[in-house]
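J.: Give me a 3D structure for the following:
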Amino acid sequence: MQSTRTFKDRVFLVLKGLGMGAANKVPGVSGGVVAFVAGFYEEFIYSLQKFNGKAFKLLINGRFQSFFRYINGRFIGLLFFGMIISYFSVSKLLDYLIIHYELYVWSVFFGMIMGSIYYISKDFEGWCPKAFVSLSIGIIIGISISFLDPARENDNLFFVFFCGMISVSGMTLPGFSGSFILILMGNYVLLLVDSVNALYDTIFDVFTGDFSFLDNAERVRMLQVLSIFTIGSVAGLVTFSHILNYVLKHYRTITLSLLMGFIIGSLGVVWPWKRTLYQTNTDGSFILDSSGEKIIENYQRFLPKLDGDTFLAIGFIIVGILIVLALEWYGQKTRKIK
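T.: This next block holds a predicted model:
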């Protein structure tokens, strides 16, 4: 599997990782949708569930090449390399675009979700009463999540580990946004903004030979929080991948229809026409994060007026749909070549 990948395939794998990383960062968007539409979702789940007892034995016995081949290391490595790059590049750009062009960014993602629904449903041949029930449950769960009120920030390390396990569901469950789950759990800013910024600043300090951050209790605490969150995420990835691999193998129709329901339900989260609500103190003043930004509380959705901005937003929705169709076309072309 690994040796047949061309240089072009490897580049596209990194780009897919960039896409997954960027999608995971945006509240309401799931990196799993990118994997699903780009045609590598099942290989992704299959590769993750290879992190098991056999892989551990190969590793501790020093059989590194066998370990690398067993876990489909080239695929996983390139994909995660793209995700890591995304957190320090594409996701930063997305942060800027959401602040300055919020309506249009949400419109593109709304279009991508709509395109994803079309992509998954068009070849689905397992419709039966159980599948429709599963689809309905997925839609209800997806919509219900979008209207929950977020909790307050909690940096308890056990809770942070739990956040890591739950939030990573966005990579393994299409339509289940890990970043939005973090907003609901109250730790989006702590885990995807403050701690990542602390890591970025620390890397810069180390490269410039400045180790004074070791005396900065807040910086050390943020790095500790990020480490526990990462460990929780890895544990969640491995756990969810084993569960998903089993249910896809034994309950494929029900599982795919449930995932389709999640994706349909997530349209409520990425609805472009919404006002951002921020966390406030009892006196009405905004609660700010460590970088001085207002902390998101939730969103108030509304129907748009028929004006220039609305028509432009609809245009961006069409762009989002076309992006998914282009990914589908590329996936089909790649499979035919192989």
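J.: ranges for the strands of this protein?
T.: When assigned using DSSP state E, the strands of the chain occupy the ranges 274-278, 296-301.
J.: So what are the sheet partners of the shortest one and their directions?
T.: Pointing back at strand 274-278 there. According to DSSP bridges, strand 274-278 forms sheet pairs with strand 296-301 (antiparallel).
J.: picking that back up, looking at the strands of the chain, which one is packed in the most?
T.: Ranked by mean neighbour count under mean count of other CB atoms under 10 Å, those are led by strand 296-301, which reaches a mean of 17. All C-beta atoms are positioned from the backbone trio N, CA, C, and that covers glycine.
J.: tell me the mean pLDDT for that strand?
T.: Along strand 296-301, the predicted local confidence has a mean pLDDT of 70.
J.: OK, contacts around Leu18?
T.: Contact criterion CB atoms under 8 Å, 6 or more residues apart in numbering gives 82-83, 85-86, 89-90 as the residues in contact with Leu18.
J.: Just the residues you listed: which are in helices?
T.: Using DSSP state H to define helices, the subset of the contacts of Leu18 located there is 82-83, 85-86, 90.
J.: Looking at the residues you listed, which one is closest to Asn52?
T.: Top of the list for closeness to Asn52, among the ones in helices among the contacts of Leu18 and by CB to CB, is Met83 at 21.9 Å.
J.: so how many other residues sit close to the nearest residue to the closest one once chain neighbours are set aside?
T.: For Met83, ignoring the flanking residues on the chain, the nearest one in space by CB to CB, 6 or more residues apart in numbering is Gly21 at 3.7 Å. Counted by other CB atoms under 10 Å, the residues lying close to Gly21 total 26.
J.: Begin at 583, not 1, for the rest of this chat.
T.: Fine by me, first position is 583 from now on; the one you just mentioned is Gly603.
J.: Can you give me the distance of Gly603 to Thr837?
T.: As judged by CB to CB, to the nearest Å, Gly603 and Thr837 stand 25 Å apart.
J.: how about the strands of the chain, which one is nearest Phe789?
T.: Proximity to Phe789 (CB to CB) singles out strand 878-883 among the strands of the chain, at 32.0 Å.
J.: What's the ChimeraX syntax to select whichever of the ones in helices among the contacts of Leu600 are buried?
T.: Command for ChimeraX, covering only those of those found buried under the criterion 16 or more other CB atoms under 10 Å:
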select :664,665,667,668,672
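J.: Now distance to Asn634 and pLDDT too, for the ones in helices among the contacts of Leu600, in TSV please.
T.: Listed next are the ones in helices among the contacts of Leu600 as TSV, based on distance: CB to CB, whole Å; pLDDT from 0 to 100:
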residue	distance to Asn634	pLDDT
Gly664	24	89
Met665	22	86
Ile667	28	84
Ser668	27	81
Val672	31	69
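J.: Looking at the ones in helices among the contacts of Leu600, which is nearest Ile810?
T.: Ranked by distance to Ile810 (CB to CB), the ones in helices among the contacts of Leu600 are led by Met665 at 18.9 Å.
J.: Next one: the closest one relative to Thr784, how far apart?
T.: As for Met665, its distance to Thr784 is 19 Å (criterion: CB to CB).
J.: Over to Lys636?
T.: With distances defined as CB to CB, the gap from Lys636 to Thr784 amounts to 36 Å.
J.: Name the residue in those two with the higher neighbour count.
T.: A direct count of neighbours by other CB under 10 Å for Lys636 and Thr784 places Thr784 higher, at 20 against 13.
J.: Give the full set of residues in contact with the more buried one.
T.: Residues in contact with Thr784, defined by CB under 8 Å, 6+ apart, are 795, 801, 805.
J.: Please repeat the previous calculation with a cut-off of 6 Å.
T.: Contacts for Thr784 were tallied using CB atoms under 6 Å, 6 or more residues apart in numbering; they are Phe795.
J.: From Asp792, how far off is it?
T.: Spatial separation of Thr784 from Asp792 under the definition CB to CB is 10 Å.
J.: Then Ile869?
T.: In terms of CB to CB, Ile869 sits 31 Å off from Asp792.
J.: what's the closest of the ones in helices among the contacts of Leu600 to Ile899?
T.: The closest of these to Ile899 turns out to be Val672 (CB to CB; 20.7 Å).
J.: Got phi/psi on the residue located most distally from the centre of the chain?
T.: Each residue of the chain has a distance to the centre, and by CA atoms, centre = their mean the biggest one is for Asp865: 34.9 Å. Reported as degrees, to the nearest 10, the phi and psi values for Asp865 are phi -90, psi 0.
J.: Just the pLDDT for it.
T.: 70.
J.: What of the one 5 residues further on?
T.: Looking at Leu870, its pLDDT is 70.
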